[in-house]
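Undergrad: Model the structure of this input:
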Amino acid sequence: MSDIYYEIILEHYKFPRNYGKIENADIKVKDSNPLCGDEIEYYIKLDSEKKRIEQIKFIGKGCAISQASASILSELVKGKTLDEIKKLKKENILEEMGNPYLGPSRIKCATLSLKVLKLGIYAFLGQKLSSEEGSL
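TA: The predicted model follows:
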């Protein structure tokens, strides 16, 4: 594991950004990785046109990778449109984490946050997350 990756993960794990809940959130979504027990729940407040993330917070439990990625992703998507978020891929979150090399089980930890976020966006829009998008 590279030092930069380790530092980014530890920083976000120890001092998560946007941690907490939003009362009257427009989108509230939760999911978990049943294999390891990681859980992430996002609370999202949209702008008045319901097209852009105005505020985002999360709560969760699990490994440092899953919780750090939730923090990193919350910073990455603030101010973005729902359409921009729908286009995000796992490579985007991994790049923000310092491009770590992770095995398949750890990739699921790192991308759980993106999966949860997309589930919430698609549900809000009344759309289904395709298998291609669901695999990130």
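Undergrad: contacts, neighbours, all on C-alpha from now
TA: Noted.
Undergrad: Hmm, L125 and I27 touching each other?
TA: No: with contact defined as CA atoms under 8 Å, I27 does not count as touching L125 (10.2 Å).
Undergrad: Which one's more surrounded, the two?
TA: I27 (18 against 11; other CA atoms under 10 Å).
Undergrad: and the more buried one, what pLDDT?
TA: On pLDDT, I27 comes in at 98.
Undergrad: Report the separation between it and I56.
TA: 9 Å (CA to CA, to the nearest Å).
Undergrad: What is the neighbour count of Q127?
TA: Q127 has 10 neighbours, counted by other CA under 10 Å.
Undergrad: what does S48 give?
TA: That count, for S48 with other CA under 10 Å as the rule, works out to 9.
Undergrad: next one: the one 5 residues further on
TA: The burial count assigned to I53 is 21, neighbours taken as other CA under 10 Å.
Undergrad: same thing with the one 4 residues further on?
TA: Close neighbours of K57, defined as other CA under 10 Å, add up to 22.
Undergrad: doesn't it fall inside a strand?
TA: Yes: note on K57: a strand contains this position according to DSSP: H, G, I helix; E, B strand; the rest coil.
Undergrad: So which elements touch the strand or helix carrying Y6?
TA: Per DSSP states H and E, Y6 falls inside helix 3-14. Counting contacts by 3 or more CA pairs under 8 Å, 6 or more residues apart in numbering; DSSP states H and E, helix 3-14 packs against helix 64-77.
Undergrad: and the angle from the helix it packs on to helix 3-14?
TA: With axes from the mean of the first three to the mean of the last three CA atoms, to 10 degrees applied, the angle from helix 64-77 to helix 3-14 works out at 90 degrees.
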